[in-house]
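Chemist: Quick check, what structure comes out for this input:
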Amino acid sequence: MKTSYTTYTTGTLSRWTCFFGLMLMLALMVPAIALSQSTMVNLGTAGDFVILAQTGVTTTGLTHVTGDIGISPAAATLITGFNLTADNTNTFSTSSLVTGKIYAANYTSPTPTKMTTAVGDMQTAYTNAANRTLPDHSELYTGDLTGKTLTHGLYKWTTAVLVSAGGVTISGAASDIWIFQIAGNLSLASGAKVTLSGNAQASNIFWQVAGQVTLGTTAAMKGIILCKTEIVISTGATLNGRALAQTAVTLDADTVVQPTAATSVGNAGSTPAEFALLQNYPNPFNPSTKIQYTIKNAGLVSLKVYNLLGQEVATLINDRQAAGTYTISFGIDNGTSGLSSGVYFYRLITGSFVSTKKLILIK
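Modeler: This next block holds a predicted model:
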């Protein structure tokens, strides 16, 4: 009996050892596989800013910025050319050139903490984008994207990347993601344009640049710029996206507009084929996530978040919208600040269409 028991135990342990070994191998593989996918780069609180820098934000000429500007650890004195007017709380400033607020590390609490967190999130997002593995395209066109059309995916260059006056087209669906890993500089020549085709979204395009980013005179850029050094935006250039620099951002009579939180992306003259509510991304999330949905017909749209007891905790949309595809953020600015970690549900109601999905908040 003893021999039989020992044999059984040994065989069982052997099988369990193989099982756990296989599980461990799969667990080790999952992060690498997940990281290689072109999933959304979580900007955290850095996504609250259209321009974010560490050492300075400077403008000359009649620049116009739509969205918030932030700087840290540098003080407000290094935000130049904006003719700042301090709010009476001294937690932010305003400017006639900015449709939004301006924050600096030396403003009254809680702004210093806000800015430290935002810069940390910017650096984390940069590292996340830079560490994506298994690119779909490596050294494509030897870094000269002029006249090319780029579909969604992960792109990697160990050299500089150039877009000349012929421009580049980024083409895809509203849910597609583009991540461009650039080890050198990124340069858009004067007059160069990044054109979006199909339903491609500026908020889903990430330019991770280890060198300097230069947008030439009257260039038109789309996407989120995560730059290790300086972003220089030359006279008359436009940026539909975000300029997030780990050194400085320099502008000269430019237009910088953040991607709209909820934007219709349906083609003009066309109608979506169906209603849809997609899974939020990232999920689980902290501090913010994005929810995308499509409405086939114009009408009243309700998008709300509920806890496990069915109690409403946030209203994201309660308004009439045209047919199209929309993306909206859910974060500290519109509902999560008072919520604890846990499972929540978000529900879309428009006409007779009702759809509910689960999201997970981690604090």
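
Chemist: Is it correct that M122 falls within a helix?
Modeler: Yes. Secondary structure of M122, determined by DSSP: H, G, I helix; E, B strand; the rest coil: located in a helix.

Chemist: So the spatially closest residue to it that is not a sequence neighbour, which state does it fall into?
Modeler: Distances taken as C-beta to C-beta, 6 or more residues apart in numbering put A46 closest to M122, at 3.9 Å, once the chain neighbours are dropped. From N, CA and C alone the C-beta is placed, and that goes for glycine too. Under three-state DSSP, A46 falls in the helix class.

Chemist: cool, D176 as well?
Modeler: coil.

Chemist: okay, it: pLDDT?
Modeler: On the pLDDT scale, D176 is placed at 87.

Chemist: Then V305?
Modeler: Among the per-residue scores, V305 holds a pLDDT of 93.

Chemist: which residue sits closest to I332, ignoring its sequence neighbours?
Modeler: Per C-beta to C-beta, 6+ apart, closest to I332 is P287, 5.4 Å.

Chemist: Just give me the neighbour total for that neighbour.
Modeler: Neighbourhood size, P287 [other C-beta atoms under 10 Å]: 21.

Chemist: Show the contacting residues for it.
Modeler: Counting by C-beta atoms under 8 Å, 6 or more residues apart in numbering, P287 makes contact with 44-45, 331-332, 336.

Chemist: Which member of these is positioned nearest F206?
Modeler: Using C-beta to C-beta, G44 comes nearest to F206 of the contacts of P287, at 13.6 Å.

Chemist: ok, now how distant is the closest one from K101?
Modeler: Separation of G44 from K101 (C-beta to C-beta, to the nearest Å): 18 Å.

Chemist: again with Q321
Modeler: On the measure of C-beta to C-beta, Q321 and K101 end up 27 Å apart.

Chemist: Next: N334.
Modeler: 16 Å.

Chemist: Have a look at those two and say which one is more surrounded.
Modeler: With neighbours defined as other C-beta under 10 Å, N334 and K101 compare such that K101 has more, 18 against 15.

Chemist: what helix or strand is the more buried one on?
Modeler: strand 98-104 (DSSP states H and E).

Chemist: Can you give me the domain boundaries for the protein?
Modeler: Domain assignment for the chain by automatic domain parsing gives 44-257, 276-361.

Chemist: now, of those, which is deepest in the fold?
Modeler: Sort those by mean neighbour count, taking mean count of other C-beta atoms under 10 Å, and domain 44-257 sits at the top with a mean of 20.

Chemist: Is it correct that S109 falls within a helix?
Modeler: No. The assignment for S109 (three-state DSSP) gives coil, which keeps it out of a helix.

Chemist: before we move on, back to that, in terms of mean pLDDT, which of the domains of the chain ranks lowest?
Modeler: Across the domains of the chain, domain 276-361 gives the lowest mean pLDDT, at a mean of 87.

Chemist: mind checking how far K101 is from T60?
Modeler: According to C-beta to C-beta, K101 and T60 sit 22 Å apart.

Chemist: Kindly apply the preceding question to S138 instead.
Modeler: 39 Å.

Chemist: Pull the residues that contact the strand holding K101.
Modeler: Contacting residues not belonging to strand 98-104 are listed as 49-50, 64-72, 74-76, 78-79, 82, 84, 87, 91-95, 111, 114-115 [C-beta under 8 Å, 6+ apart].
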